[in-house]
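Peer 1: Fold the following and give me the result.
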Amino acid sequence: MESKKQPVTNIEAIAIPSAQGSIADSVAQTPQIKPAEKIGIKQPARLWVIVLLLGWMFDFLFWKQSIGINFALFSTLCLLGGTYLLFAEGYRPVRNSLWLLFPFAFFGVITFLRQEPLTIFLAYAFSVFSTGLLANTYLGGRWFQYSLLDYFYKFFWLIGSMINRPIDFFAQVRKEQVAKDEIKKLLPVWGILRGLVIALPIVACFASLLASADVVFSQKLGDFFGLFSVGKIAEYFLRFVLIFFYAYLLAGVFLHTVSRSKDEKLLGEDKPVIKPFLGFTESAVVLGSVTVLFFAFVIIQFQYFFGGETNIGVAGYTYSQYARRGFNELVIVAFFSLVMILGLSTVTRREKETEKKVYSGLSVGIVALVMVILVSAYQRISLAIDWHGFSRLRIYPRVFLVWLGVLLVAVVILEILHKERYFAFAALLASMGFEHHFQPMLFLRWQINTFPCLYLLRHAKE
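Peer 2: Coordinates of the predicted model:
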């Protein structure tokens, strides 16, 4: 009998598919590594040349120079250099971003036209702030919708980009050059160094012969080598390091503008950063209690608030004592009232329309009473100015009170319109208004020129 051939079992054919399946499953379950963000600069050499030139301009304008018009000039050069780079790379700003050029130009001019210390400090601060804000919103233009958290977040990332983004960009360019096999086309650094080593003794020999042949050339050659004394070399090295340091920071700013200024998503836009957890009843009790307290304080102290000179005569206070008594406390009350309204607005649940209206009404009531308190504080400082005359320490709080009141009114309007997100924009405008409004030395000069005898008499009594 012919034996039947048994079918041969292919073990590998059975095992391999299962192995392949397990490998495929493991690959599918392995988290994929997200590739590094690519920075869209087509001509890296253009970036390095611009930032190095700006770094050299910083050294030229500020080395052993006092700060003045050179700050505005250097800021303008940075803006023009960055704009040229971005336009050359195909990045155009949106229209809303261009509004930031107005505060940049205004405060830049103020830095060298004014001499008052606080005004100059605020002008420097707002000029730098406007530049940083433009770098954060160049391609998006939604800076007026930034919340306070957005400002902190955006400027935090800007500082981080100034530190690490140039390194990332250099690594990206190097990787692309390796992939394209373009490393050999770069500048032959080692060849240049070897050539310099060979040329140095030859040039030195010819220089010595020429110096022996001409006295004037010998003197000029000595002056040239005098530039390379030990002290000069240390100075040149420090300046060289500073040039590269500022060029590095500016490269980080420009790269940040390219990659992180689109404003695609803002914090708290889709869902609140802090989910409201406080009930409407609790918040209403807090606001109502504060309203009753402020109302009672205003009613009881009304004559004391607005008695002016009559109150001073009855109570026996001098102008200085009356002006200083409780002024700081009143300003602190106004400030923390603003913080309380903003804080409760963030954490309070207001689901029904009635709850929203009641909350807005309580907020309006508190702000109205705080405005009366601010008027009282303004009255106090005005009495001191009327009697003792204008000075910086008297003008600072007076102008501050005006713009704090404006900000409180803006907060109420935003609360009624349910546009609380725009508070940071309102605060920014109020801060800039304070700097623009603040002109104490002009007030002082006007008073001296208009009433010189009265001014001298009052200061003599003081």
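Peer 1: what about the residue at minimal distance from the centre of the chain, distance to Met432?
Peer 2: Residue closest to the average C-alpha location in the chain (C-alpha atoms, centre = their mean): Phe129, at 3.9 Å. Noted for Phe129: a distance of 9 Å to Met432, by C-beta to C-beta, to the nearest Å. Where C-beta positions appear, they are placed from N, C-alpha and C, glycine not excepted.
Peer 1: Kindly export stretch 88-101 (C-alpha atoms) in PDB.
Peer 2: Extracted in PDB, the C-alpha atoms of stretch 88-101 (Å, rounded to 0.1, in the frame of the first residue of the first chain):
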ATOM      1  CA  ALA A  88      12.100  89.700   3.400                       C
ATOM      2  CA  GLU A  89      11.000  86.300   4.800                       C
ATOM      3  CA  GLY A  90       7.400  86.900   3.800                       C
ATOM      4  CA  TYR A  91       5.900  87.700   7.100                       C
ATOM      5  CA  ARG A  92       3.500  90.700   7.000                       C
ATOM      6  CA  PRO A  93       2.000  92.200  10.200                       C
ATOM      7  CA  VAL A  94      -1.800  92.300  10.700                       C
ATOM      8  CA  ARG A  95      -3.400  95.700  10.900                       C
ATOM      9  CA  ASN A  96      -4.200  95.600  14.700                       C
ATOM     10  CA  SER A  97      -0.500  95.000  15.500                       C
ATOM     11  CA  LEU A  98       0.500  98.300  13.800                       C
ATOM     12  CA  TRP A  99      -1.400 100.300  16.500                       C
ATOM     13  CA  LEU A 100       1.500  99.400  18.900                       C
ATOM     14  CA  LEU A 101       3.800 101.600  16.800                       C
END
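Peer 1: quick one: average confidence on that stretch?
Peer 2: For stretch 88-101, the mean pLDDT works out to 91.
Peer 1: now do stretch 45-58
Peer 2: On average, stretch 45-58 scores 93.
Peer 1: swap in stretch 414-430?
Peer 2: 86.
Peer 1: other SSEs contacting whichever strand or helix holds Ile198?
Peer 2: Using DSSP states H and E, Ile198 sits within helix 189-213. If you count contacts as 3 or more C-beta pairs under 8 Å, 6 or more residues apart in numbering; DSSP states H and E, helix 189-213 packs onto helix 215-226.
Peer 1: who does the helix it packs on touch, helix- and strand-wise?
Peer 2: helix 189-213.
Peer 1: Buried residues, the helix it packs on. List them.
Peer 2: Along helix 189-213, these residues count as buried under the neighbour rule (16 or more other C-beta atoms under 10 Å): Ala211.
Peer 1: what angle do it and helix 215-226 make?
Peer 2: Helix 189-213 runs at 140 degrees relative to helix 215-226, counting by axes from the mean of the first three to the mean of the last three C-alpha atoms, to 10 degrees.
Peer 1: that older thread, how far is the helix holding Ile198 from where the chain is centred?
Peer 2: Here the centre of helix 189-213 is set off from its chain's centre by 50 Å, with C-alpha atoms, centre = their mean, to the nearest Å.
Peer 1: now swap in stretch 119-131 and tell me
Peer 2: Distance, centroid of stretch 119-131 to centroid of chain: 9 Å (C-alpha atoms, centre = their mean).
Peer 1: Pull out the buried positions in that stretch.
Peer 2: 119-120, 122-124, 126-127, 129-131.
Peer 1: Distance check, Val347 against Ile373.
Peer 2: Separation of Val347 from Ile373 (C-beta to C-beta): 25 Å.
Peer 1: which of these two has more neighbours?
Peer 2: Neighbours around Val347 and Ile373, counted as other C-beta atoms under 10 Å, are more numerous at Ile373. The numbers are 21 against 14.
Peer 1: The more buried one: what's it in contact with?
Peer 2: By C-beta atoms under 8 Å, 6 or more residues apart in numbering, the contact list for Ile373 reads 294, 297-298, 330, 333-334.
Peer 1: That one: which element?
Peer 2: Per DSSP H and E: helix 353-388 holds Ile373.
Peer 1: After that helix, which helix or strand is next?
Peer 2: Where DSSP H and E defines the elements, the next helix or strand beyond helix 353-388 is helix 392-416.
Peer 1: Show residues contacting the helix or strand just after that next one.
Peer 2: Reading on from helix 392-416 to the C-terminus, the next helix or strand found by DSSP H and E is helix 423-437. With contacts defined as C-beta under 8 Å, 6+ apart, helix 423-437 is touched by 103, 106-107, 110, 119, 122-123, 126, 144-148, 150-151, 342, 399-400, 402-404, 406-407, 410-411, 414.
Peer 1: Now the buried members of the residues you listed.
Peer 2: Going by neighbour count (16+ other C-beta under 10 Å), the contacts of helix 423-437 have 103, 106-107, 110, 119, 122-123, 126, 144-147, 150-151, 342, 399-400, 402-404, 406-407, 410-411, 414 buried.
Peer 1: How about the host helix or strand of Phe240, which residues are buried there?
Peer 2: Secondary structure assignment for Phe240, by DSSP H and E: helix 230-259. Buried residues in helix 230-259, counted by 16+ other C-beta under 10 Å: 239, 243, 246-259.
Peer 1: okay, now Phe74: neighbour count?
Peer 2: Burial of Phe74 is recorded as 19 neighbouring residues (other C-beta under 10 Å).
Peer 1: and the gap between Gln43 and Thr257?
Peer 2: Per C-beta to C-beta, Gln43 is found 16 Å from Thr257.
Peer 1: For the chain, give me the ranges with low pLDDT.
Peer 2: Filtered on pLDDT under 70, the chain yields the residue ranges 1-39, 180-189, 225-231, 301, 303-327, 383-394, 437-462.
Peer 1: 50 - rerun?
Peer 2: Along the chain, the parts satisfying pLDDT under 50 run over 1-35, 314, 440-441, 446, 448-449, 451, 454-462.
Peer 1: Break the chain into its domains for me.
Peer 2: Following automatic domain parsing, one gets these domains for the chain: 44-185, 280-461.
Peer 1: Could you check how far the shortest one is from the centre of its chain?
Peer 2: Looking back up the chat, that one is domain 44-185. Computed by C-alpha atoms, centre = their mean, the separation of domain 44-185 from the middle of its chain amounts to 11 Å.
Peer 1: still on that earlier bit, could you point out which element follows the helix holding Phe240?
Peer 2: helix 280-300.
Peer 1: how about the CA coordinates for that following helix, as PDB?
Peer 2: Presented in PDB, the C-alpha positions along helix 280-300 are these (Å, rounded to 0.1, in the frame of the first residue of the first chain):
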ATOM      1  CA  PHE A 280     -23.900  83.600  43.600                       C
ATOM      2  CA  THR A 281     -25.400  83.800  47.100                       C
ATOM      3  CA  GLU A 282     -22.100  83.900  48.800                       C
ATOM      4  CA  SER A 283     -20.700  86.600  46.500                       C
ATOM      5  CA  ALA A 284     -23.900  88.700  46.800                       C
ATOM      6  CA  VAL A 285     -23.500  88.600  50.600                       C
ATOM      7  CA  VAL A 286     -19.900  89.700  50.300                       C
ATOM      8  CA  LEU A 287     -20.600  92.600  47.900                       C
ATOM      9  CA  GLY A 288     -23.700  93.600  49.800                       C
ATOM     10  CA  SER A 289     -21.900  93.800  53.100                       C
ATOM     11  CA  VAL A 290     -19.100  95.900  51.600                       C
ATOM     12  CA  THR A 291     -21.700  98.200  50.000                       C
ATOM     13  CA  VAL A 292     -23.400  98.800  53.400                       C
ATOM     14  CA  LEU A 293     -20.100  99.400  55.100                       C
ATOM     15  CA  PHE A 294     -18.900 101.900  52.400                       C
ATOM     16  CA  PHE A 295     -22.300 103.700  52.400                       C
ATOM     17  CA  ALA A 296     -22.300 104.100  56.200                       C
ATOM     18  CA  PHE A 297     -18.700 105.400  56.100                       C
ATOM     19  CA  VAL A 298     -19.600 107.900  53.400                       C
ATOM     20  CA  ILE A 299     -22.700 109.200  55.200                       C
ATOM     21  CA  ILE A 300     -21.000 109.500  58.600                       C
END
